[in-house]
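S.K.: could you work out the structure for the sequence below:
(chains A and B)
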Amino acid sequence: DTAVSQTPKYLVTQMGNDKSIKCEQNLGHDTMYWYKQDSKKFLKIMFSYNNKELIINETVPNRFSPKSPDKAHLNLHINSLELGDSAVYFCASSTIGGTEAFFGQGTRLTVV
Amino acid sequence: SQKIEQNSEALNIQEGKTATLTCNYTNYSPAYLQWYRQDPGRGPVFLLLIRENEKEKRKERLKVTFDTTLKQSLFHITASQPADSATYLCALDPDKLIFGTGTRLQVFP
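M.R.: Numbering: from 1, shown residues only, chains lettered A, B, ... in the order given. Below is the predicted model of the structure:
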C-alpha cells in the first residue's frame, strides 16, 4: 500500500494554464505539507495543513492555492502557470508536532 | 535570519570508509533534528531523529550526533557501500519541517 500518493507524476503544460496536483495519505496523519524542489535540488516548504486547516504559508504567490477536503487529502491548485513554476512538487504527511515525515514520489511540473 | 546549511554540496569517498556529513543551523532552537535520504527521482525517506537531550543516536551503520551548543549535527555512515550513494538532508522545526541544502554522497567501489 502506498502511504503518500501524488498524481500526476509528470505534468507538462503551457504558460498561463491552470493545473492541479492531488495528494492522498492513508497513514492517518493530521499534518500534510507541500514542498517545491527546484533545479538546484533545494527542498522548500510551501504550505502546511493540520486537520484541514492552513498552518503555514511560506510567501508563496497567491496563484498557488492548497485545498484540503479532508485530513487525508491536500491538493495543490496553480493558476496562470509561469515558466518559473517548473520544479518537482512533493507532498508529505506526519503526525501532529511532526516527527517522521512521509513523502510522495513527487510531481515533475514543466511549464513551456 | 534562520538558516540550515550542509557545508558540502558533494562528498566522494571510497567504499569501506566512513562518510561524515555536517548540518549547521543558526537562529533555531530545535527540540530535535532529523536526517533524510533522497534518491534521484524519489521523495526523501526518513532515516533518524535525534532529540536535543541526546548526544548520539545509532541505527545499524548510521550514527548521528547533535551538539546544541555548536548548533551542529554530524551524520556518519560507517563501512560505506556504493548503495549508500544518495543525497542526504537534515531537517528541523517540527511545525515547518525545514530542510537543509543537502549533501550528495557518492561512494566509489
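S.K.: what are the bridge partners for the residue nearest to the spatial centre of chain A, then?
M.R.: Centroid-nearest residue in chain A: A:Trp34, 3.3 Å away (criterion: Cα atoms, centre = their mean). Note on A:Trp34: beta-bridge partners by DSSP bridges are A:Phe47, A:Cys91.
S.K.: that one and chain B, how far apart?
M.R.: Separation of A:Trp34 from chain B (Cβ to the nearest Cβ, to the nearest Å): 11 Å. All C-beta atoms are positioned from the backbone trio N, CA, C, and that covers glycine.
S.K.: and that residue, what does it touch?
M.R.: Going by Cβ atoms under 8 Å, 6 or more residues apart in numbering or on different chains, A:Trp34 touches A:Cys23, A:Ile45, A:Met46, A:Phe47, A:Pro66, A:Leu74, A:Leu76, A:Tyr89, A:Phe90, A:Cys91, A:Ala92.
S.K.: from chain B, which residue is nearest to chain A?
M.R.: Using Cβ to the nearest Cβ, the closest approach of chain B to chain A is made by B:Gly43 at 3.0 Å.
S.K.: which parts of chain B sit against chain A?
M.R.: Applying Cβ under 8 Å from any Cβ of the partner chain, one finds that chain B approaches chain A through B:32, B:34, B:36, B:41-46, B:49, B:87, B:89, B:91, B:94-99, B:101-102.
S.K.: coming back round to it: now for the contacts of A:Trp34: which two are most distant?
M.R.: The most widely separated members of these, counting by Cβ to Cβ, are A:Cys23 and A:Ile45 (14.3 Å).
S.K.: strands of the chain, residue ranges please.
M.R.: I went with chain A, as the question did not name one. Applying DSSP state E to chain A gives strands spanning A:4-7, A:10-13, A:19-25, A:31-37, A:43-50, A:53-57, A:64-70, A:73-78, A:87-94, A:102-103, A:107-111.
S.K.: right idea, wrong chain: chain B
M.R.: Counting by DSSP E, one finds strands in chain B at the ranges B:3-5, B:10-14, B:19-26, B:32-38, B:45-51, B:56-59, B:62-67, B:72-77, B:86-92, B:98-99, B:103-108.
S.K.: what lines up beside the lowest-mean-pLDDT helix or strand in chain A in the sheet?
M.R.: Within chain A, no helix or strand scores below strand A:53-57, which has a mean of 80 by mean pLDDT, DSSP states H and E. Using DSSP bridges, strand A:53-57 pairs in its sheet with strand A:43-50 (antiparallel).
S.K.: interface residues of chain A facing chain B?
M.R.: With the criterion set to Cβ under 8 Å from any Cβ, chain A comes near chain B through A:4, A:33, A:35, A:41-45, A:48, A:55-56, A:58, A:90, A:92, A:94, A:97-106.
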